[in-house]
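Q: quick one: sequence and predicted model below, then my questions.
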Amino acid sequence: MLPHEYPLVTLAGESYSTGRRGKRHRHTRYSADDGGEVIITRHHDRTALVTVIGADGARREFRESLAGTDAWLLSAVGYRLDAA
């Protein structure tokens, strides 16, 4: 599948929280047009955890150090950000 064929995702919500030992992180949740969901958790040290929940409920997790933009992370796991 080519990148322009990846399912589209749209921003569904953002939240900020304090984790264990005072470490702040941000959750950004995206809804996919194929029924899936992608959650990007960014930590203060620029590490990102990407959780992909498919339409069938299957869950995959990816950890990326020195993570780029959300659009880059979404592309890395087979989705593309809706520009609208």
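A: That came in fine, so what should we check first? Residues are numbered from 1 along each chain as shown.

Q: quick check: closest non-adjacent residue to the most centrally placed residue in the chain.
A: The chain has I40 as the residue nearest its centroid, 3.2 Å off, counting by CA atoms, centre = their mean. Among residues not flanking I40 along the chain, T28 sits closest, at 4.7 Å (CB to CB, 6 or more residues apart in numbering). To be clear about C-beta, it is placed using only N, CA and C from the backbone, and glycine gets the same treatment.

Q: look at that neighbour and report its pLDDT.
A: pLDDT, T28: 92.

Q: surely T10 and Y30 touch.
A: Yes. T10 is within contact range of Y30, at 6.5 Å (criterion: CB atoms under 8 Å).

Q: which one of those two is surrounded by more residues?
A: Under the criterion of other CB atoms under 10 Å, the comparison of T10 against Y30 puts Y30 first, with 21 against 12.

Q: which stretches in the protein count as strands?
A: Ranges of strands in the chain, per DSSP state E, are 8-18, 24-32, 37-43, 48-53, 59-64, 80-81.

Q: re earlier: contacting residues around the residue nearest to I40?
A: By CB atoms under 8 Å, 6 or more residues apart in numbering, the residues touching T28 are 11, 13-14, 39-40, 42, 70.

Q: flag the shaky bits of the chain, pLDDT-wise.
A: 18-19, 21-23, 84 (pLDDT under 70).

Q: I'd say Y6 and L81 touch.
A: No. With contact defined as CB under 8 Å, Y6 does not reach L81; the gap is 9.6 Å.

Q: any residues in contact with both of the two?
A: By CB under 8 Å, 6+ apart, no residue touches both Y6 and L81.

Q: just put the strands of the chain in TSV and tack on distance to L74.
A: Shown next, in TSV, are the strands of the chain (distance: least, CB to CB, whole Å):
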stretch	distance to L74
strand 8-18	6
strand 24-32	7
strand 37-43	6
strand 48-53	8
strand 59-64	11
strand 80-81	5
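
Q: which one of those lies closest to M1?
A: For these, distance to M1 was read as CB to CB. The smallest value, 10.7 Å, belongs to strand 80-81.
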